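*Asks:* any chance you can model this:
(chains A and B)
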Amino acid sequence: MNSSLEKGYVPGKHPNLPPPVKTTGIMAWAKQNLFSSPMNIVLTLLSVWFLWTIIPPFFEWAAFNSIWTAGNRQECWDQMSSPGAGACWAFIENRLSLFTYGFYPTHLQWRVNLSFIMFVLALIPVLYEKMPYRKYGLIYSSIFPFIAGWLLVGGFGLEKVDTDQFGGIMLTLILGVTGISFSLPIGIILALGRQSKMPVLRILCVLFIEFIRGVPLITLLFVASTMLNYFLPPGTVFDLLLRVLIMVTLFASAYIAEVIRGGLQAIKKGQHEAGDSLGLTYWQAHRLIILPQALKISIPGIVNTFIGLYKDTTLVLIIGMLDMLGIGDASLADAQWAGLANEIYIFVALFFFISCFGMSRYSIYLEKKLHTGY
Amino acid sequence: MTTLKQGTIPNYWSGILDNVFKRRYKMRALEKIALTLIAVGALAFTATAGTLEDVKSRGELRCVVSTGIAGFAYPDSDGTWKGFDVDFCRATAAAVLGDSNAIKAVTSTGKTRFTKLNSGEGDVLWRNTTITFSRDVGVKLTFVGVNYYDGQGFMVNKSLGVKSAKELDGASVCIQTGTTTELNLADFFRANNMSYEAVTIEKNSEARAAYLSGRCDIYTTDASGLAATRSTFPNPGNHMILPEIISKEPLGPATRQGDDQWADIVRWVYNATVTAEELGVTSSNVDSMKGSNNPEILRLLGVEGSQGEELGLSKDWAYQVIKQIGNYSEIFERNIGTNTPIGLARGLNALWTQGGLQYSPPFR
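*Replies:* Coordinates of the predicted model:
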């Protein structure tokens, strides 16, 4: 006040001066966040140097020097200044149909496309709450797996396709989507069973969960692919994909059960008692009061498990099923193209990143939407 | 009161009857399910007669192949399986079914290949499999021939100036884990009083990257694998495969033990390709060879004799093999020969008349 008087400002007539240069703008931000102490200066410079050595060469390789049309590796390399100076995306282009459909017969690939479109349509009512006529949408979503199964495998009027012709993105999606959509309900039932007061049910659920969690997925896959054959009468070919789907689903549901049990335990006893005092039955209380809250709390854990499951599906490679990663590996054995492993693995990684990042963003959106402040 | 009683008694009885009826009905349904299961199981048991009948009735041959080994088995961009082993699988299908395309590739890793065969998921195994005592006896397989003689070798960068594997003391070696190559390597270095540093890796593509980036001085695996890997280098000429081959790796097809007829078929399909090369019968001249003067050619092609019937196949089974797939040399040159990116010389796999080991018993 004194100082303003000294400068001759009339009280209340102080002009709106811009803030000092040192506290705004890029410089200030940089000083505050990047160069605030000698330690931070060193770290910043190191990071810049690190990024500078990594990013430009990568883009040079992946974008500027990359080749998009070629018939084989040698043609690709002939177009470059030196072999391997750029990415040879022509390889991915050459393999795109194999990556998408696996070994599915070419003339029947419309069935895969149709299933995919139906899958996207089935996702909408599940993910988007404000959809009009959502109730009917959900009915469609719940019967979709069976329609898709019929479309993909055939039978009942459609030409049959054996499941060992499945591969690539299609197989990855089948494994992931089936595992995810069936493990949630099974997981909820297991979690409730584990909390049940009925001893037999409780012990069965605990045994199941602990057994599955105590065994690595790869072991279960080996059991599915090799052991079951010895137990079944010789000659019965019990579809390998079905066996693997069952194992993957059981595996995920044990984890989901534990995640949901965490959510259930976070619900205060008062909520149960409130349900009882309203005269609700066990199922009514859980459907209307307990589970909505428990599931909301568990969302990050559930989505975490889903993402883990989705990525774990690549393990089927070890039992000889060619999923996305398996097709990539098999393609690398083609002498026309072999040696372009980086391109393949970057492509596969990108696919998985997009899928998993999408799931993660959706879970954040869901958490925000369901956040009620308590 | 009376009306009530009259009403309750029949209701009461009908309730009991209902219960009895329902229970009975349920038991019947259960019985039905059980009976169907037994019937299905019995059918499944009776369905396993002989592999030959199974394949013929199915109209399709299931071959256990690898999930991808350069030159030996890999899918091309259309998803069609190709390669040296796959061609032999196609040859088997041509002999049995008359159609080299009537195959299904049952992909398997090194760990699952024998179970896939033994559990009946595959009919025959054509999958870069080294014949060993324990696999023949312990895993209960029947090996019926050697379609490729391989052996473990070393690849080094020429700039190291190494001329022999005996000079590799102290080298770091890239090696795939859990394979016989690991044991062979240890034996070889110990026998020669040398030390080495193992850089263990899981897959061939990983080994390639490790070797090229200089994480290891040498890469060791089967010589065919080394050649295939070297062919994918930016400058293959800078690398050499050392002359020492330190192990025997006879790779051959296998069938389940106990089905001798089927084993015979697979054995003679392979023999037919070798014999055809020896007699100069190729896919292009096979038709004119039917009019040859050589009785062995005539027997091979089914013009004379009854070899086909004795095997349980059609008379012209070997003709189909050669017509559709070709003789051993054609299969070799098409997939892994010197004109392919793999670029393998015949070496040990030349005919016995040309200093190699490929040798077929006579068709007589």
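
*Asks:* do you know how far the residue of the stretch 1-150 of chain A found nearest chain B is from residue A:67?
*Replies:* Residue nearest to chain B within the stretch 1-150 of chain A: residue A:83 (3.4 Å; Cβ to the nearest Cβ). In this view, the C-beta of every residue, glycine as well, is placed from N, C-alpha and C. Noted for residue A:83: a distance of 11 Å to residue A:67, by Cβ to Cβ, to the nearest Å.

*Asks:* residue A:308 too?
*Replies:* Residue A:308 sits 36 Å away from residue A:67, going by Cβ to Cβ.

*Asks:* of those two, which one has the most company?
*Replies:* Remark: of residue A:308 and residue A:67, residue A:67 carries more neighbours, 18 against 13, as counted by other Cβ atoms under 10 Å in any protein chain shown.

*Asks:* I'd say the more buried one and residue A:85 touch.
*Replies:* No - at 9.7 Å, residue A:67 does not count as touching residue A:85 under the criterion of Cβ atoms under 8 Å.

*Asks:* what about the closest residue to the residue of the stretch 1-150 of chain A closest to chain B other than its chain neighbours, how many neighbours?
*Replies:* Spatially, and ignoring its direct neighbours in sequence, residue A:83 is nearest to residue B:234 (3.4 Å; Cβ to Cβ, 6 or more residues apart in numbering or on different chains). Number of residues near residue B:234 (other Cβ under 10 Å) recorded here: 14.

*Asks:* which stretch of helix or strand covers residue B:234?
*Replies:* Element membership for residue B:234 (DSSP states H and E) is empty, with no helix or strand holding it.

*Asks:* count of residues packed around residue A:358?
*Replies:* 11.

*Asks:* do you know the pLDDT at it?
*Replies:* Residue A:358 carries a pLDDT score of 93 in this model.

*Asks:* quick one on the thing from earlier: list the contacts for the residue of the stretch 1-150 of chain A closest to chain B?
*Replies:* Contact analysis of residue A:83 by Cβ atoms under 8 Å, 6 or more residues apart in numbering or on different chains lists A:77, B:234, B:235.

*Asks:* so where's the stretch 1-150 of chain A uncertain?
*Replies:* Confidence mapping of the stretch 1-150 of chain A against pLDDT under 70 gives the ranges A:1-8.

*Asks:* so which bits of it are right by chain B?
*Replies:* A:73-74, A:77, A:82-84, A:94-95, A:97-98, A:101-104, A:106 (Cβ under 8 Å from any Cβ of the partner chain).

*Asks:* how does it look with 10 Å?
*Replies:* Residues of the stretch 1-150 of chain A found near chain B (Cβ under 10 Å from any Cβ of the partner chain) are A:72-74, A:77, A:80, A:82-85, A:91, A:93-99, A:101-106.

*Asks:* from the residues you listed, which land in helices?
*Replies:* Under the assignment DSSP state H, these contribute A:73, A:74, A:77, A:91, A:93, A:94, A:95, A:96, A:97, A:98, A:99, A:101 to helices.

*Asks:* so in chain A, which helix runs the longest?
*Replies:* Longest helix in chain A, counting residues (DSSP H): helix A:341-370.

*Asks:* check which helices and strands that one sits against.
*Replies:* Packing contacts for helix A:341-370, counted by 3 or more Cβ pairs under 10 Å, 6 or more residues apart in numbering or on different chains; DSSP states H and E, involve helix A:90-101, helix A:109-127, helix A:168-194, helix A:291-312, helix A:324-331, helix B:204-212.

*Asks:* and the gap between residue A:284 and residue A:278?
*Replies:* Counting by Cβ to Cβ - residue A:284 and residue A:278 are separated by 9 Å.

*Asks:* oh, that last question was meant for residue B:275, not what I typed.
*Replies:* Distance of residue B:275 to residue A:278, given as Cβ to Cβ: 87 Å.

*Asks:* same thing with residue A:27?
*Replies:* 62 Å.

*Asks:* now residue A:141
*Replies:* 31 Å.

*Asks:* so between the two, which is more surrounded?
*Replies:* Comparing residue A:141 with residue A:278 by other Cβ under 10 Å, the one with more neighbours is residue A:141, at 20 against 11.

*Asks:* burial count for residue 330?
*Replies:* No chain in the question, so chain A it is. 24.

*Asks:* ah, no, chain B please
*Replies:* When neighbours are counted by other Cβ under 10 Å, residue B:330 registers 19.

*Asks:* show me how far the helix or strand harbouring it is from its chain's centre.
*Replies:* Using DSSP H and E, residue B:330 sits in helix B:328-335. From the chain centre to the centre of helix B:328-335 is a distance of 17 Å (Cα atoms, centre = their mean, to the nearest Å).

*Asks:* can I get stretch A:198-210 in PDB, CA atoms only?
*Replies:* Provided in PDB are the C-alpha atoms of stretch A:198-210 (Å, rounded to 0.1, in the frame of the first residue of the first chain):
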ATOM      1  CA  MET A 198     -22.600 -72.800   3.500                       C
ATOM      2  CA  PRO A 199     -19.500 -74.800   4.300                       C
ATOM      3  CA  VAL A 200     -19.500 -77.200   1.400                       C
ATOM      4  CA  LEU A 201     -20.000 -74.400  -1.200                       C
ATOM      5  CA  ARG A 202     -17.400 -72.200   0.500                       C
ATOM      6  CA  ILE A 203     -14.800 -74.900   0.700                       C
ATOM      7  CA  LEU A 204     -15.400 -75.800  -3.000                       C
ATOM      8  CA  CYS A 205     -15.000 -72.200  -4.000                       C
ATOM      9  CA  VAL A 206     -11.900 -71.700  -1.900                       C
ATOM     10  CA  LEU A 207     -10.300 -74.900  -3.200                       C
ATOM     11  CA  PHE A 208     -11.000 -74.000  -6.800                       C
ATOM     12  CA  ILE A 209      -9.700 -70.400  -6.500                       C
ATOM     13  CA  GLU A 210      -6.600 -71.400  -4.600                       C
END
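
*Asks:* buried residues, it. List them.
*Replies:* A:205, A:208, A:209 (16 or more other Cβ atoms under 10 Å in any protein chain shown).

*Asks:* what about the strands in chain B?
*Replies:* Secondary structure of chain B by DSSP state E: the strands cover B:61-66, B:74-75, B:81-82, B:103-108, B:124-125, B:141-143, B:148-150, B:152-157, B:171-176, B:196-201, B:218-222, B:239-241, B:249-251, B:254-256.

*Asks:* partners of the fourth one in the sheet?
*Replies:* It refers to strand B:103-108. With DSSP bridges as the test, strand B:103-108 is paired with strand B:61-66 (parallel).

*Asks:* what's the offset of the partner strand from the middle of its chain?
*Replies:* On Cα atoms, centre = their mean, the centre of strand B:61-66 falls 6 Å from the chain's centre.

*Asks:* and it, what's its mean pLDDT?
*Replies:* Summarised as a single mean, pLDDT over strand B:61-66 is 93.

*Asks:* convert that strand to PDB, retaining C-alpha atoms only.
*Replies:* Output of strand B:61-66 as PDB, limited to C-alpha atoms (Å, rounded to 0.1, in the frame of the first residue of the first chain):
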ATOM      1  CA  LEU B  61      -4.000 -86.300 -43.700                       C
ATOM      2  CA  ARG B  62      -3.100 -84.500 -40.400                       C
ATOM      3  CA  CYS B  63       0.700 -83.900 -40.200                       C
ATOM      4  CA  VAL B  64       2.400 -82.600 -37.100                       C
ATOM      5  CA  VAL B  65       4.600 -79.800 -38.300                       C
ATOM      6  CA  SER B  66       6.500 -77.100 -36.600                       C
END
